[in-house]
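Engineer: Fold the stuff below for me.
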Amino acid sequence: MSQSDDSFVEYGIEDEPPLGTSLLLGVQHYLTMVGANIAVPLILAGALGMPDSIVPRFVGTFFVVSGIATLAQTTFGNRYPIVQGAPFSMLAPALAVVGVVTASNPAGPEWQAALLQLQGAIVAAAVIEVAVGYFGLLGKLRSFLSPVVIAPTIALIGLSLFNTPQVTAADGNISLLALTLVLIVIFSQYIDTAHRVFQLFPVLLGIVAAYLVAAALSITGVYAPGAPGYVDLESVLAAPAFMPIYPLQWGFAGGPNTFTVGLPLVGDMAFGIPQFSSSFIIGMLAGVCASMIESLGDYHAVARLSGIGAPSEKRINHGIGMEGVMNIFSGLMGGSGSTSYSENIGAIGLTGVASRYVVQVGAAVMLVVGFVGYFGQLVATIPDPIVGGLYIAMFGQIVAVGLSNLKYVDLDSSRNIFIVGVTLFVGLAVPTYMGNVGSAKALQDGMQSVAFLGPVLGTQVVSHTVYVIGSTGMAVGGLFAFILDNTIEGTREERGLNEWEDAAESDEDFASAYDRFVSDRGTKGD
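Structural biologist: Coordinates of the predicted model:
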């Protein structure tokens, strides 16, 4: 696995910068995904009706899961420098589960009963993802994935978040968003050669500088509490110093399917047993499928940015299999799943830091932060406009990386132009349509009225699956491009498959954790 000579990468996948440098670089990688990894638990907490006193611990759980999942993926999975975190693709079915359970008024606190059902759905769906990965089902599709499919799929990862509230909210703080974006652009593009610190830490410098400005304006009263850009420093001091986070933690004493254990250090700990319902599991499986398609695009994007060949079938299988294992872990911890994060791939493009070691150091920091209320709350006070400025720089980079894969294909071919153009349009239009529909239940009601096929299309299984996948731009685009590219006549050279496969890594280039274990034992035996 060699790095291309023309790669802009400062630290390659196998490089290990000094610990102090890696610490800052790792935190920088994690700051790029903090908006998503906080937004998902906050959205879920609101839907669950979770008490405010519990929310910091819920958010901390997501950081702990992210840290462990990232360490597992980078060490035993695909070994790419990709941060793992809570997926938006699994949020829609999660909200559907919560809505159904809370509406039925179960015994005991509603939010805990709903969370136990959500945990069961995630764990069961993740078992199928483990099978898809480690039995090699997704990897076998690799020979059918040309750059014509991969390019728009990766581009849609970035384009799908162009209308995120942090960027387009009409009542947002445009000045603070613009300041963050301008700082990142200046540090990463204009003065990156002035000093190495600007080349390595443009994102971290931009976020910290903008945050300090926002904090100063908040302290002086320019930004009022609740206003976009306001930094609530008092909430940091009010946060708990330590938060107990453990598997099966969302039980409630005296409630069904729970039990308690008294421990001297933390008092009575309630343990909740995940609940399993077939309809919820099938709905969650749709979210897992969308997550796998997104991850496939992420793997290709990080390989492209890291200056190495496209991922081999073996690497893809190990990556998806490990994501399934970590989804099971997330479900047991009371999270909402785990998947590869596109945000951190954008950070590689801006900084040139593609070191696995850096991401692992950052994961270890976030793992500790999850248990410490002060740090988690400090991260949570980063204003949305700052996150919005970061998103513009990062996701714009991902769009460009996706489109750069078209260099392998014949762009004079009307066939290729048609597939790429229509895929991008459909990948943006269908999720927008689903958003206008409003919910999986609304789509189900509409599909029930379809002539002849209504009894089938209007079932919860079919309609919820269509809604979840249709709400995920890269899943829609990826599936659409895959079908068109493999059914419309075109030569291998025209589709870019010959040059693509020459540049891709082989299965022998990727050493799994088991391969390395066997190799180490053989070396010691000699």
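
Engineer: how close does residue 218 get to residue 384?
Structural biologist: With distances defined as Cβ to Cβ, to the nearest Å, the gap from residue 218 to residue 384 amounts to 14 Å. For every residue, glycine as well, the C-beta is placed using N, CA and C.

Engineer: Also residue 165?
Structural biologist: For residue 165, the distance to residue 384 (Cβ to Cβ) stands at 7 Å.

Engineer: of the two, who's got more company?
Structural biologist: Neighbour tally, residue 165 and residue 384, criterion other Cβ atoms under 10 Å: the higher count belongs to residue 384, 21 against 13.

Engineer: how about the nearest residue to the more buried one, chain neighbours excluded?
Structural biologist: Using Cβ to Cβ, 6 or more residues apart in numbering and skipping residues adjacent in sequence, the residue nearest residue 384 is residue 166, 4.5 Å away.

Engineer: Please, which helix or strand holds the residue lying closest to residue 460 once chain neighbours are set aside?
Structural biologist: Counting by Cβ to Cβ, 6+ apart, residue 279 is the residue found nearest to residue 460 once chain neighbours are left out, at 5.4 Å. For residue 279, the host element (DSSP states H and E) is helix 278-305.

Engineer: Helix or strand with the lowest mean pLDDT in the protein?
Structural biologist: None of the helices or strands of the chain scores lower by mean pLDDT, DSSP states H and E than strand 258-263, at a mean of 57.

Engineer: what's around residue 452, how many residues?
Structural biologist: The burial count assigned to residue 452 is 7, neighbours taken as other Cβ under 10 Å.

Engineer: Kindly report the same for residue 380.
Structural biologist: Neighbours of residue 380 under the rule other Cβ under 10 Å: 19.

Engineer: Now do the phi/psi pair for it.
Structural biologist: Residue 380 has phi and psi values of phi -70, psi -20 when expressed as degrees, to the nearest 10.

Engineer: Next, the contact list for it, please.
Structural biologist: Residues near residue 380 by Cβ atoms under 8 Å, 6 or more residues apart in numbering: 38, 56, 59, 235.

Engineer: Quick check: which of those residues has the minimum pLDDT.
Structural biologist: Lowest model confidence among the contacts of residue 380 falls on residue 38, which carries 81.

Engineer: Please report how far the nearest residue to residue 134 once chain neighbours are set aside lies from residue 73.
Structural biologist: Sequence neighbours aside, residue 321 is the residue nearest to residue 134 in space, at 4.0 Å (criterion: Cβ to Cβ, 6+ apart). Between residue 321 and residue 73 the computed distance is 10 Å (Cβ to Cβ).

Engineer: ok, those two, which is more surrounded?
Structural biologist: Counted by other Cβ under 10 Å, residue 321 and residue 73 do not tie: residue 73 has more neighbours, with 30 against 24.

Engineer: Show me what the helix or strand that contains the more buried one packs onto, helices and strands only.
Structural biologist: The secondary structure element spanning residue 73 is helix 55-76 (assigned by DSSP H and E). Identification of packing neighbours for helix 55-76 by 3 or more Cβ pairs under 8 Å, 6 or more residues apart in numbering; DSSP states H and E yields helix 34-48, strand 84-85, helix 313-333, helix 356-369, helix 373-380.

Engineer: Next up, the contacts around residue 495.
Structural biologist: Contact partners of residue 495, counting by Cβ under 8 Å, 6+ apart, are 146, 147, 148, 409, 410, 416, 485.

Engineer: Which of these fall within helices?
Structural biologist: Filtering the contacts of residue 495 for membership in helices, criterion DSSP state H, returns 147, 148, 416, 485.

Engineer: Was I right to think the last one contacts residue 419?
Structural biologist: I take that to be residue 485. Yes: assessed by Cβ atoms under 8 Å, residue 485 is found in contact with residue 419 at 5.7 Å.

Engineer: what do these two both touch?
Structural biologist: Both residue 485 and residue 419 are in contact with residue 148, where contact means Cβ under 8 Å, 6+ apart.

Engineer: Return the residues in contact with the most centrally placed residue in the chain.
Structural biologist: In the chain, the C-alpha closest to the average C-alpha coordinate belongs to residue 341, at a distance of 3.2 Å (Cα atoms, centre = their mean). With contacts defined as Cβ under 8 Å, 6+ apart, residue 341 is in contact with 33, 36, 37, 82, 83, 84, 85, 298.

Engineer: before we move on, the earlier item: tell me how far the helix holding residue 73 lies from the chain's centre.
Structural biologist: 12 Å (Cα atoms, centre = their mean, to the nearest Å).

Engineer: Helix 278-305 and that helix, what's the angle between them?
Structural biologist: Going by axes from the mean of the first three to the mean of the last three Cα atoms, to 10 degrees, helix 55-76 is angled at 60 degrees with respect to helix 278-305.

Engineer: May I have helix 55-76 as CSV, with CA atoms only?
Structural biologist: The C-alpha coordinates for helix 55-76 follow below in CSV (Å, rounded to 0.1, in the frame of the first residue of the first chain):
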residue,chain,number,x,y,z
VAL,A,55,-29.0,15.0,28.9
PRO,A,56,-25.3,15.7,29.7
ARG,A,57,-24.8,12.0,30.6
PHE,A,58,-26.7,11.0,27.4
VAL,A,59,-24.3,13.2,25.3
GLY,A,60,-21.3,11.8,27.2
THR,A,61,-22.4,8.3,26.3
PHE,A,62,-22.2,9.2,22.6
PHE,A,63,-18.6,10.5,23.1
VAL,A,64,-17.6,7.3,24.9
VAL,A,65,-19.2,5.2,22.2
SER,A,66,-17.5,7.3,19.5
GLY,A,67,-14.1,6.9,21.2
ILE,A,68,-14.3,3.2,21.6
ALA,A,69,-15.8,2.6,18.1
THR,A,70,-13.0,4.7,16.5
LEU,A,71,-10.3,2.8,18.4
ALA,A,72,-11.9,-0.5,17.3
GLN,A,73,-12.3,0.5,13.7
THR,A,74,-8.8,1.9,13.3
THR,A,75,-7.1,-1.0,15.1
PHE,A,76,-9.2,-4.1,14.2
